[in-house]
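S.K.: sequence and predicted model, in that order:
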Amino acid sequence: METAATPPSARTPEPSPAADPPPVTAPHSPLALELLVHGVGGTTPQEMLGDPRVQLITGDDTAACYRRTEDADAERRPGAYRTRPVREAYCWSNLTSGNGARALWLILLPFMVANLAHWMRPAAPPGHRAQRLYDLLVRLLALTLTVLLAAAACEVALDLSAWQCAGTPVCATGKSWLGFLDPAGGGWWSTPGRRLVLASALPLAVVGFLWWLSHRTWSAYESASPPPRRPGTSRDTPAHERTALGLDGFWYGRRLVARLRAAHTTAGVLTIAAALLVASLRADDRAGAVALTAVGRTLTGLVVLLAAGTLLVVWRTARSEAVRDEESDRLAVRALPYLALAVLALTAGYAAWSRPAAHSHGPLPGVAAFGGIAVLQGGLVLALVVTAWFLQRAARGEARTALRGMGGPAVALLSCAVAGVLTGGVAQRFADWIDGPATPGQDHAPIPGPPVLLSWQASVLPALLVVVAVVVVLAGVRVLMVRKRVAEDVPGLYDPRERPDVLRTERIAGTIARAGLTDAAPVLVAAIAAVTLVLGAGAVAGAWLTDRAPGRATEGAPPFVHAAAAAAESLGSWLMGAGVVLLLTMGRRAYRDHSARRTIGILWDVGTFWPRAAHPFAPPCYAERAVPDLTWRMATWTERYDGRLVISGHSQGSVLAAAAVWQLDLVTRSRVALLTYGSPLERLYGRWFPAYFGPPALTGLHREMDDWRNLWRFTDPIGGPIRLTCEDGRAIDEGPLRDPLAFGRTLQNPLPAQILGHGDYQADPVFDRVRAQLFARLAPGIPAQRSDPGENQGSSGRSSA
C-alpha cells in the first residue's frame, strides 16, 4: 500500500460528499440487510447499532446476531424498510476474550506461532510438489515443540528436583517437601528410580492439561459445519484465482485436530518414559543386572516403536480442504495415547524396581537431548527455507510477499526461540530457587544445575535484545524523517484559508509516519530471525565443544572476554526468568480483570484466525465458529426473504467477512456486496499469507460478488488499500480518506477534530456515500440508512487491532 513515505499530496484528497441521493420509489424492492462485523478487541451490539435497546436474533452467549429492538421483526413489515436497510450486528468477541480461562492460552504462545508458519506458505500453483513437503516440515517442527515442553517439565521435576537436589543432602536440607526423598532417611521413595517415578507425575500432568485444554476447545470450535450449497454459477472463476478458503472443508478441522492431538499427546508421554528409561537403564548397565537390562531394552524398543507410529500419524495427517473430513480415525490412531500411557506405566514399574546400590550424581542421564532437539529444529527450519524458496520461485505476481516468501521459515524459527526462552527460563529460575544463594553449575554449588545448553542459550539473549534495540532505534529515526517530509504536504489536504498550525501539522504527520511502520515489520522479523539462527547455532556449538557454562568455559580467556561471558550468562538467565514471570503475571491479571483479558484477546484475534493445522495444542481457531456463523446467516437470510445483503466489516471483521463470502455458493455470493474499512486483507494477510489472500485470490473474490468497496487512511496502522480494479474500471479502494476531517478550528468544527486512525470510519461522510452506492447497486430504491451522529459513532467498530 502507499505508506507514510508517499507524500499525501501525491493523492487527490477525498472531497466531502454531498448528501445521499433521494430515495427512488420501488414498491416491489426486496428487503435489504446490512450485516455489521466488528474488528479485533470486540465491541457491544449496543455500540455497533447505536441504540441501548437491542435484541438477540440468532446465536448464543458466545457469538450472536443482534438488532435494534424496533428492527427485530423487520421481515414482517417490509413496507417500513423500502427506503432504508435493516441493520444487524454480529458480535464474536467472546470467542477470544470471554471467560477467565482463556488467559491460560498465554502459555500456548509458541504453539500458536508455529501454527502461523503453516499458513505462510508462498503462493505456488496448486499441486506443486513442494507444498506437501512444506506442510509436513511445519508439522514435524510443531511436534518438536511438544517434545521440548515435555522435556523441560522433566528437567524441572526429574532432573533438578528428584535427581539432583533430593539426592544431595546439602540441597535437600531445609526443604520439608523433599525430606521423604532424602537417601539418608532410608525411606521407600529414597532410591533414585522411585524418586524419578514420583516426580514424573508433574510432566505427565502438564501433558494431560494440554490434552484437556485442546479437547475442551476442540468440541466448541472445530465442530461448526458450512451451509449446504445450491448448484449454479454466477461468474466463471479461473483456476489460478480460486482459493482454499472457498472449499467446503476449510473451516472444519475436527478430525485433523483429533489425530494431531493423539500424536502430540503420545509424543509427550513417550518423552517422560524415555527420561525414566535412560537413567534406569544406565544404572543397570553399570551394575551388570542382565535381567533388568533386558527388560529396559525391551521397553526402549516399545518406546521407539510408538515413536515411529507417532511420526507416521503426523506424516499422514494432512488437511482435507476440498471436502469435510468426517472419516472416523483408525483404531491405531485413537489407541496411541493409551498405548503410550501403558508403556509409561511399565517403565515406571521398571524404574521403581529395587536397586540398593543405585545413587544419583551429577545431571540426569539424557539431558543432552536438549541439544539434539535444538539441532533437529535448526535442520527443519533450514529445510523449510529451501522448500519455501522453491515455492516462491514457482509463484507469479507476488512481488509484495513479505520476506520474499521466507515469512514461514522465519516465524517457525521464532516459535522455537520463544519456546526455548520459556522452557529455559523456567528451568533457570527453578534451579536458582531450589539451590538457595549458590549459583547452580559453579564449583561451590551443591548441584550441577540445568543443562549447559540452556545456560548458553540464555547468554545469547542479551545480544539478541541489542539487535532488536538497534532496529527499534532505526525505526524511530525513520519515523522522524518521514514525519518531516510528510509535514510539508499535510496543509495542502485542507482548506487553504485555515490558519497554519505547526503543532497540529506535526501531530498529523507523526501519526502517518508511525502508521507506516507496519510495512516495515518484515525488516524486524528478518533481523530477529537471522540473529536468532546464528546465535542459536553458536550456543549449541559452544555447549557441545566446552560442556561448560559460558562463564566457566572462558575462565582462561582474556579478562574482558571472561567478564563479558559471565555477565551475559547471568543477565540472560534473569531475562529468561523475567519473560516467564511476565507471562504468568499477564495471565493472572487477565484471569481477574476483564479489561486485561480483552487486551490479551486482541493478540489472539490476530494469531488464532487460522485453523490448527500444525499444532493441536495451539489456541483454538475462532474463525471455525465465526465464518460458518456468518455464512449460514447470509445464505439462509437471502434465500428465505429473497433479499440483498451488504456485509460490512471493520479491521479483523473484514477478514471474517471475506472468508464467509468465499464460503457462499456462487448464486448467493453474486447477490452479496462487501464493504470493508480499516481492512488488513492486503496489507497484512495478502503479504504474509499470499497463498490464501494474494492478489489472484482477492481478484477472484471480487469477480464473484455483486460489488466491493474498501475505505482506508494514511493514518491507519492496520488497514490499507486492496489494490484491485473492477472489470468496468472502477477502483475498489476509496481513499485515502482525510484524517482528521478538519485541520483546525472553524465555524463548523469549533473544537479540534480527533485523528481517527484505525477507528470510527463511519464518522467520515464518505462512508455514507459508499454504502448508499452499494445498496443502490444491489437494488434501486434502497439507499443507505440516514443515521444521526451518535449512531454513526456507535457503529464505527471502535476496536483497534
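M.R.: In hand now; what should we look at? Residues are numbered from 1 along each chain as shown.
S.K.: could you pull up the residues touching the most centrally placed residue in the chain?
M.R.: Centroid-nearest residue in the chain: residue 607, 2.1 Å away (criterion: Cα atoms, centre = their mean). Going by Cβ atoms under 8 Å, 6 or more residues apart in numbering, residue 607 touches 112-113, 116, 619. Placement of C-beta: from N, CA and C, glycine included.
S.K.: which parts of the stretch 401-550 of the chain are helices?
M.R.: For the stretch 401-550 of the chain, helices defined by DSSP state H, counting those that start in this stretch occupy the ranges 407-434, 452-459, 461-487, 502-515, 521-546, 550-553.
S.K.: adding mean pLDDT, mean neighbour count and distance to residue 259, write those out as JSON lines.
M.R.: JSON lines is the format used below for these (pLDDT from 0 to 100; neighbours: other Cβ atoms under 10 Å; distance: least, Cβ to Cβ, whole Å):
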{"stretch": "helix 407-434", "mean pLDDT": "91", "mean neighbour count": "24", "distance to residue 259": "21"}
{"stretch": "helix 452-459", "mean pLDDT": "91", "mean neighbour count": "28", "distance to residue 259": "32"}
{"stretch": "helix 461-487", "mean pLDDT": "93", "mean neighbour count": "16", "distance to residue 259": "36"}
{"stretch": "helix 502-515", "mean pLDDT": "93", "mean neighbour count": "20", "distance to residue 259": "42"}
{"stretch": "helix 521-546", "mean pLDDT": "93", "mean neighbour count": "17", "distance to residue 259": "30"}
{"stretch": "helix 550-553", "mean pLDDT": "88", "mean neighbour count": "22", "distance to residue 259": "42"}
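S.K.: okay, those helices in CSV with distance to residue 88 next?
M.R.: Shown next, in CSV, are the helices of the stretch 401-550 of the chain (distance: least, Cβ to Cβ, whole Å):
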stretch, distance to residue 88
helix 407-434, 36
helix 452-459, 52
helix 461-487, 39
helix 502-515, 31
helix 521-546, 35
helix 550-553, 61
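S.K.: out of the ones you listed, flag the one nearest residue 677.
M.R.: Evaluated over these, closeness to residue 677 peaks at helix 502-515, with 14.9 Å, by Cβ to Cβ.
S.K.: what is the least confident helix or strand in this structure?
M.R.: Across the helices and strands of the chain, mean confidence by mean pLDDT, DSSP states H and E is lowest for helix 789-794: a mean of 35.
S.K.: tell me the mean pLDDT for stretch 46-64?
M.R.: Stretch 46-64 shows an average pLDDT of 93 in the prediction.
S.K.: next, the distance between the ends of that stretch.
M.R.: 13 Å (Cα to Cα, to the nearest Å).
S.K.: centre of the chain to that stretch, how far?
M.R.: Relative to its chain's centre, stretch 46-64 lies at 27 Å (Cα atoms, centre = their mean, to the nearest Å).
S.K.: buried set for it?
M.R.: If you call a residue buried by 16 or more other Cβ atoms under 10 Å, then stretch 46-64 has these buried ones: 46-51, 54, 57, 62-64.
S.K.: which two in these are spaced the farthest apart?
M.R.: In terms of Cβ to Cβ, the buried residues of stretch 46-64 reach their longest pairwise distance at 50 and 62, which sit 23.5 Å apart.
S.K.: which strands and helices sit next to the helix or strand containing residue 393?
M.R.: Using DSSP states H and E, residue 393 sits in helix 369-394. Secondary-structure packing of helix 369-394 (3 or more Cβ pairs under 8 Å, 6 or more residues apart in numbering; DSSP states H and E): helix 129-154, helix 407-434, helix 452-459, helix 521-546.
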